[in-house]
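Participant: Sharing a sequence plus its predicted fold:
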Amino acid sequence: MMPYYKFDYFSFDFSLVVAFIIGIGFGFALERGGFGNARILAAQFYFYNMRVLKVMFTAIITAMLGLFYFSWIGWLDLSLIYLTDTYILPQIIGGLLLGIGFVIGGYCPGTSVVSASTGRYDGMMYLAGMFFGIFVFGEIFPLIESFYNSTPMGRITLPEFLGLSHGMIVFLVVLMALGAFAAAEWSEKVMTKKLGREKE
Amino acid sequence: MSSLSGIFSKENVKEEKVFQPEPYSNPYLVGVGLGLVLLAAFVIMGRGLGASGAASTVVAVTVSKVAPEHASKNNFYKEYLTDGTTNPLKDWLVFEVIGVAVGGFLSGTLAHRIKRTIEKGPNISNRMRLIYAFTGGAIMGFGAKLARGCTSGQALTGGALLNLGSWAFMFAVFAGGYLTAYFFRRQWL
């Protein structure tokens, strides 16, 4: 029965080996996608290379469909998968900051690791900045702790929030992703022409 | 080793072209691959991927090494520290992120994309680009802690789990990026 670790198929120490191997797969995929390169990541925000959106939404729908069907067949207990609680306001403000940091820094935390490990000095500087930002957050945490814990909504998913079935939400997300892919292909065509670039 | 002073000058680090770097893979195929890695984490471990959590553990451990009393009074650091019976660095996310670095290096090596360089647009100096990289990293590190995760832990993982907060977060990331992109176009275009 899945998830295996939650049913004690293996020990904590072995889970660290699993973590390392899954991490290798994660890093490998990010590098293949061009995500070790800040120019490609930033291009997302100028509409001429939409790899970030394409890779992210394809990954989300792949994993989402896998989870949905495994749980539907009865192989997987979805309730045992760790889900972070929702604190809507801090998450929206945090998200906005991430978007701003993305445009200024050119990476997100995971992609900066790949960037640094493939020799990019800007990726290394980004990593140093990230450690500093987390340190600042930790130091002022007592001052912002009440905001950090504000607007709690508990463990809540889109199907529960919108009052629709799990299957219906899965279907709608796939539709939305297909629409986003079409829009991405179109904007790449228009923007590469406008900026006088080759389509990458 | 190439001289470090060269990095800060306007010219990029000298290229030694032995192999041409291969073009990046088809994004939809990469997406399926990444989705399967994420799915593997879900079905094997019952949890998804992450990145900023590992950095938080390192920060918390460092602070508690330098100022143990100070760290023990802080609820944020406490969350990443253990009771002393086990090493807090013996953590799932820490091992996963070490794997990310190895996996990225492996893929980059196979495709001849390992290169000592600075990624940026043509209209900005290396020095400014590195300052921006540090600043952006700091803003994102702070934001990721406020949001309880980053692109990996919230957008990707929470997105596939249809977590409400993660979807709100994801739209906020894109909104924040597109709202500020115009002001930083010199760096990239």
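Facilitator: Arrived safely. Owing to the predicted nature of the structure, the values given are computational and were not obtained by experimental measurement.
Participant: tell me the contacts of the spatially most central residue of chain A?
Facilitator: With distances taken as C-alpha atoms, centre = their mean, A:Met56 lies nearest the centre of chain A, 6.8 Å away. A:Met56 sits next to B:Gly31, B:Thr151, B:Ala155, B:Leu156, B:Gly159 when contact means C-beta atoms under 8 Å, 6 or more residues apart in numbering or on different chains. (Each C-beta comes from the backbone N, C-alpha and C, glycine too.)
Participant: Regarding chain A, what is its longest helix?
Facilitator: If you go by DSSP state H, chain A has its longest helix at helix A:166-195.
Participant: what mean pLDDT would you report for that helix?
Facilitator: The pLDDT scores in helix A:166-195 average 95.
Participant: Could you name the helices and strands sitting against it?
Facilitator: Judged by 3 or more C-beta pairs under 8 Å, 6 or more residues apart in numbering or on different chains; DSSP states H and E, the packing partners of helix A:166-195 are helix A:51-73, helix A:158-162.
Participant: repeat that for 10 Å
Facilitator: Judged by 3 or more C-beta pairs under 10 Å, 6 or more residues apart in numbering or on different chains; DSSP states H and E, helix A:166-195 is in contact with helix A:38-43, helix A:51-73, helix A:158-162, helix B:27-45.
Participant: could you dump those helices to TSV with mean pLDDT and distance to B:Ala175?
Facilitator: Below are these laid out as TSV (pLDDT from 0 to 100; distance: least, C-beta to C-beta, whole Å):
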stretch	mean pLDDT	distance to B:Ala175
helix A:38-43	95	16
helix A:51-73	97	14
helix A:158-162	97	18
helix B:27-45	97	22
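Participant: closest to A:Gly23 out of those?
Facilitator: Of all the helices and strands packed on helix A:166-195, helix B:27-45 sits nearest to A:Gly23, with 9.1 Å by C-beta to C-beta.
Participant: just checking, next helix/strand downstream of the closest one?
Facilitator: Toward the C-terminus, helix B:27-45 is succeeded by helix B:52-66 as the next helix or strand (DSSP states H and E).
Participant: Now do residue 12, the pLDDT please.
Facilitator: Looking at chain A here, since you left the chain open. 94.
Participant: hm, I was asking about chain B
Facilitator: Value listed for B:Asn12 in the pLDDT field: 54.
Participant: how many neighbours does B:Ile131 have?
Facilitator: Neighbour count of B:Ile131, defined by other C-beta atoms under 10 Å in any protein chain shown: 15.
Participant: likewise B:Thr85?
Facilitator: 5.
Participant: next one: phi and psi at it?
Facilitator: phi -80, psi -30 (degrees, to the nearest 10).
Participant: Also A:Val17?
Facilitator: phi -70, psi -40.
Participant: Cool, thanks, signing off.
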